[in-house]
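Engineer: Just to be clear, the model below is a prediction. Sequence and coordinates:
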Amino acid sequence: MSKRRIIVAITGAAGSIYGVRLLEELRGHDDIETHLIVSRAGFLNIATELEMRRSELEGFADVVHDNRDIGATIASGSFRTDGMLVAPCTMKTLAAISIGLADNLVSRAADVVLKERRRLVLMVRETPLNLAHLRNMTAVTEMGGIIFPPAPSFYARLESLDDMVNQTVGRMLDLFDIESNLVRRWQGVKET
């Protein structure tokens, strides 16, 4: 495998900017091939939150897969990838992944990533959380996935929503050892 392959999925939770920003940042890495899956509700949120057309979004990815295409390359463990980011991740998608439902390409690709012991990062977007949400997060964590809610880094003294999105996306990329200039790193506490 000459290029690293990263799967990016965008589902219907609020915060579609996170998935879009991931794609924008990954596009700047010539050594990374992105595979995009977007749920139907994900496309609705992108249009609503960002006023972005489907063609514009898909232009950020190297390969675009239909969420109904269970026969796609990324639905098989023999197609090697470095892992998958679901940003944002709905509670429905989390639930499907937690029980191995694999009823669409997002949950099937995540299932493949888990069974192949590759990195799976789910940016869950819900608050407050109920017991089903927490149990599903525990199940995915026990299978090797990483639950990554978009929590702001107050120590970084972020000045805008854009800064917060960048910080969060940069921290997600850290989990894949992908360099970016998005993160304001912790510098320690200076005593006065």
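Structural biologist: Here it is on my side, so go on. Residues are numbered from 1 along each chain as shown.
Engineer: Run a quick neighbour tally on Val183.
Structural biologist: Residue neighbour count, defined by other Cβ atoms under 10 Å, stands at 18 for Val183. Where C-beta positions appear, they are placed from N, C-alpha and C, glycine not excepted.
Engineer: On the three-state scheme, it is what?
Structural biologist: For Val183, the assignment made with DSSP: H, G, I helix; E, B strand; the rest coil gives coil.
Engineer: Can you name the residues that contact it?
Structural biologist: Listed by Cβ atoms under 8 Å, 6 or more residues apart in numbering, the contact partners of Val183 are 156, 166-167, 170-171, 174.
Engineer: give me that answer again for 7 Å
Structural biologist: By Cβ atoms under 7 Å, 6 or more residues apart in numbering, the contact set of Val183 is 167, 170-171, 174.
Engineer: Which of the residues you listed are buried? Put it as a PyMOL command.
Structural biologist: A single PyMOL command selects the buried members of these (16 or more other Cβ atoms under 10 Å):
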select buried, resi 167+170+171
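Engineer: Dump the contacts of Val183 into a markdown table; add distance to Val106 and secondary structure as well.
Structural biologist: As requested, the contacts of Val183 are arranged in a markdown table below (distance: Cβ to Cβ, whole Å; DSSP: H, G, I helix; E, B strand; the rest coil):
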| residue | distance to Val106 | secondary structure |
| --- | --- | --- |
| Gln167 | 25 | helix |
| Gly170 | 23 | helix |
| Arg171 | 22 | helix |
| Asp174 | 23 | helix |
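Engineer: Adding distance to Trp186, write the contacts of Val183 out as TSV.
Structural biologist: Formatted as TSV, those follow (distance: Cβ to Cβ, whole Å):
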residue	distance to Trp186
Gln167	11
Gly170	13
Arg171	11
Asp174	12
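Engineer: From Thr168, how far off is Ile99?
Structural biologist: 27 Å (Cβ to Cβ, to the nearest Å).
Engineer: Tell me the pLDDT of Met1.
Structural biologist: At Met1, the model reports a pLDDT of 55.
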